[in-house]
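quick one, fold the following:
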Amino acid sequence: MANDRTTPEENLRRALASAPCFQGLTPLMLEEVATCARRADFESGAFILREGRPAQEFYVIERGRVAIELRSTNRGQIVIQTLEAGDVVGFSWLYPPQRWLFDAQALTGVQTLAIDAPKLLSICDKDPQMGYTVTRRLIEGVVDRLQAMRLQLLDFYGVVG
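Modelled structure (predicted):
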């Protein structure tokens, strides 16, 4: 059984290679990302991110569901988007001031690949081609998140006109 001989590092590299946000990276780029990665699990109800706290890692969901939430003084927690396997949790590390803009809460038990954001940013700064490729892949997730927020705002405020 070949799987019995697979090392944790090889399993991690395979998981990274299959993550939608890292597809299209060269094998060398994936090796670089692997130096920033670890596995992280969260129990149902656990907060993965808290608004205002430093954005030091981001997460690629392998299993489970995560709610991206925004706190409202008059409505409490508002779910902006629900994420599942393959989705990225957390983009605020990409730009200063590197603080989370939303909360992220595990709706189920969640298994993730946690990526050390400052380390990845440093690697991308040293290799502009990798920086461009990684950023381009992650921007797709940012656009999805913005679209989800747009739809949530339309639902919240209703259609005008």
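
pLDDT below threshold where in the protein?
Scanning the chain for pLDDT under 70 picks out the ranges 1-4, 156, 158-161.

quick one: the helices in it?
Ranges of helices in the chain, per DSSP state H, are 8-18, 27-34, 117-126, 128-157.

for residue 76, find the nearest of these.
Residue 76 lies closest to helix 128-157 among the helices of the chain, at 13.0 Å (C-beta to C-beta). Bear in mind the C-beta positions are built from the backbone N, C-alpha and C, glycine included.

now do the buried residues in that closest one.
For helix 128-157, the neighbour count (16 or more other C-beta atoms under 10 Å) marks 130, 133, 134, 137, 138, 141, 145, 148, 149, 152 as buried.

nearest to residue 78 among those residues?
residue 152 (7.1 Å).

next up, the contacts around that closest one.
Listed by C-beta atoms under 8 Å, 6 or more residues apart in numbering, the contact set of residue 152 reads 78, 80, 81.

ok, the residue nearest to the first one when sequence neighbours are not counted - contacts?
Nearest non-adjacent residue to residue 78, counting by C-beta to C-beta, 6 or more residues apart in numbering: residue 70, 4.9 Å away. With contacts taken as C-beta under 8 Å, 6+ apart, residue 70 has the following neighbours: 51, 77, 78, 80, 102, 103.

which one (most neighbours) among the residues you listed?
Sorting the contacts of residue 70 by how many neighbours each has (other C-beta atoms under 10 Å) puts residue 102 first, at 23 neighbours.

can you give me phi and psi for that residue?
phi -140, psi 170 (degrees, to the nearest 10).
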